[in-house]
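Novice: just need the structure, nothing else, for what follows:
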Amino acid sequence: MKKFLIGVIVAVIFVGGYVGYEKVAKLLPYYEQLTKPRVSLERDLQPDAQTKATYVGSSKCRECHKENYDRWAHSQHPKMIQDIEKDPSCVVADFSKLPEDADFRLQDAVYTIGGKFKQRYMIPAKIDGKEDYRLGNYQWNVQTGKWQHFKPWKYWYKPVYPHDNKEFPTSKACDGCHFTGYMAVQKRVEPGIACEACHGPGSNHVEEPKSKVFIASLLDPVRQNEVCLQCHMRNRDYRLKTEPMNALYKDARDYPLGYQPGKPLASYKLPAPFMPGHETKEFYANGMGKKNRTQGNEFVHSIKGKHGITCINCHDPHTLEPTAKHNTGNKLCLKCHSFGSVIGPHQKDLQAHTHHKPSSKGSLCVECHMPKVGRHTGKSPLTVRTHMFGFVTPAQTMMYKMPKETNACYACHKDKTMQSLQNDLEKWGMVGWDQRDYYKIQQ
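Specialist: Purely as a prediction, here's the structure:
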């Protein structure tokens, strides 16, 4: 009898230990990443051998890294700038409907910019005595299937550029992120976002493979994300830290001029300003972006960003998958967030967590934690998903005076009032002290 009881106790301990292990097992592959000591934002991490290297183009990378090259070649990154003469099919707009007051025709354009959500057209131009490119005064809205007027000077740099698209060079705005090499050395080495945009100049590595290039995934999480943040974070010209706007007349840059992967991005990029509680043209008062290209601004103050999660924990750096167009449903999130795990969800199953049927839209992680809050243009539908990840309650939406359509609950339940939706959450026990009575107190 004694031996039997000992056996039962051992079995219980073993099973209990295994169950406990199951609750943390999914986090073990990320243990080293999440526990790495922080590296200063000002520290230069570019390999010494790369400091004097030059840009050579992705075709050189393909010779040794064919698999990664092929995966990248089918992604959206190399298609951000496309040569119309080389591939006329890259034009997605209907030029038969181009408005009569357009200041360009298809035959004038050399490159396309984008094409997934909107497409703009680069036209050769001499500006201030230099050969450059300018954008047409119309852009094609892929989402609406219509041409819409475009004023490239209308952003934060509006005070320092002529309000004439023929006098606004792409070299000061688009080219830094859309042409590989231009941000760092002011040369359009390669159209689109290619290998060296993330790994830095590769000439020395091509000549001697043992000569290192920058590999972000080896670094602490905050510095790792800088490769993405160089473009996926709305910014201001870094010189504005010490100089007035008028000092940048006709030279303000909408990208971190001089930055190369591994160098301290904080020394080249000034994030678009945001103060919690204050709404701007780019952000709602809770920090959510109103536009595209605010993923980085949101992410750095999200709970994931603060706890060491990185962009490539979710997105394949070469294919960019999953994307909004090609996602894996809840599979990606459940890779780490399994039911009963230490990082939740803490309920027994999906329906208990969401209070929606498992097969419904209300049980998709992204619909509640990454709702559509931003637009690609002022006339585009809401399609840009937030990267803050924290669930925004109806009460918070009301308090921050955000459009109802940006709220995850209201996006589906337009037949209900925001207050009734908030009441449902409170009945379900899905809000805490910090989310309960925000709006009511303001009244």
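
Novice: could you use CA atoms for every contact and neighbour count after this?
Specialist: Noted.

Novice: show me where the stretch 301-443 of the chain has its helices.
Specialist: 303-306, 311-314, 331-334, 350-354, 365-369, 394-399, 408-412, 418-428, 438-442 (DSSP state H, counting those that start in this stretch).

Novice: any idea which of those scores lowest on pLDDT?
Specialist: For the helices of the stretch 301-443 of the chain, mean pLDDT drops lowest on helix 438-442, to a mean of 56.

Novice: neighbouring contacts of the longest strand anywhere in the chain?
Specialist: Counting by DSSP state E, the longest strand found in the chain is strand 118-127. For strand 118-127, contacts defined as C-alpha atoms under 8 Å, 6 or more residues apart in numbering pick out 92-93, 104, 108-114, 131-136, 138-143, 166-170, 376.

Novice: how far does it sit from its chain's centre?
Specialist: 24 Å (C-alpha atoms, centre = their mean, to the nearest Å).

Novice: before we move on, what about stretch 164-172?
Specialist: Averaged over its C-alpha atoms, stretch 164-172 has a centre that lies 25 Å from its chain's centre (C-alpha atoms, centre = their mean).

Novice: what does it contact?
Specialist: 122, 125, 127, 132-137, 151-153, 161-162, 251-254.

Novice: repeat the analysis, applying 7 Å as the threshold.
Specialist: 127, 132-135, 137, 151-152, 161-162, 251-254 (C-alpha atoms under 7 Å, 6 or more residues apart in numbering).

Novice: for that stretch, buried residues please.
Specialist: Asn165, Lys166, Glu167, Phe168, Pro169, Thr170, Ser171, Lys172 (16 or more other C-alpha atoms under 10 Å).

Novice: of those residues, closest to Gly287?
Specialist: Closest approach between the buried residues of stretch 164-172 and Gly287, by C-alpha to C-alpha: Lys172, at 26.9 Å.

Novice: quick one: that closest one from Ala324, how far?
Specialist: 29 Å (C-alpha to C-alpha, to the nearest Å).

Novice: and for Asp237?
Specialist: Distance from Asp237 to Ala324, by C-alpha to C-alpha: 30 Å.

Novice: who's more crowded, these two?
Specialist: Neighbour totals were compared for Asp237 and Ala324, and Asp237 leads with 23 against 11 (other C-alpha atoms under 10 Å).

Novice: could you list every residue that touches the residue nearest the centre of the chain?
Specialist: In the chain, the centroid-proximal residue (C-alpha atoms, centre = their mean) is Gln295; its distance is 3.6 Å. Contacts for Gln295 (C-alpha under 7 Å, 6+ apart) come out as His232, Met233, Thr386, His387.

Novice: quick one: buried residues of the following helix or strand past the longest strand of the chain?
Specialist: For strand 118-127, the following helix or strand on the C-terminal side (DSSP states H and E) is strand 130-135. Buried residues in strand 130-135, counted by 16+ other C-alpha under 10 Å: Asp132, Tyr133, Arg134, Leu135.

Novice: restricted to strands, list the buried residues of stretch 164-172.
Specialist: Among the buried residues of stretch 164-172, no member falls in strands (DSSP E).

Novice: and the gap between the nearest residue to Gly340 once chain neighbours are set aside and Gly362?
Specialist: Nearest non-adjacent residue to Gly340, counting by C-alpha to C-alpha, 6 or more residues apart in numbering: His346, 4.7 Å away. His346 sits 17 Å away from Gly362, going by C-alpha to C-alpha.

Novice: before we move on, the earlier item: make TSV out of the buried residues of strand 130-135 and add distance to Tyr157 and pLDDT.
Specialist: Formatted as TSV, the buried residues of strand 130-135 follow (distance: C-alpha to C-alpha, whole Å; pLDDT from 0 to 100):
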residue	distance to Tyr157	pLDDT
Asp132	19	98
Tyr133	18	98
Arg134	16	98
Leu135	16	98
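
Novice: of the contacts of stretch 164-172, buried ones?
Specialist: Of those, these count as buried by 16+ other C-alpha under 10 Å: Asp132, Tyr133, Arg134, Leu135, Asn137, Lys151, Pro152, Tyr161, Asp251, Ala252, Arg253, Asp254.

Novice: what sits opposite the second one in the beta ladder?
Specialist: For Tyr133, the beta-bridge partners are Pro124 (DSSP bridges).

Novice: ok, it - contacts?
Specialist: Met122, Ile123, Pro124, Ala125, Pro169, Thr170.

Novice: mind doing that once more with 10 Å?
Specialist: 109-111, 121-127, 166-171, 175 (C-alpha atoms under 10 Å, 6 or more residues apart in numbering).
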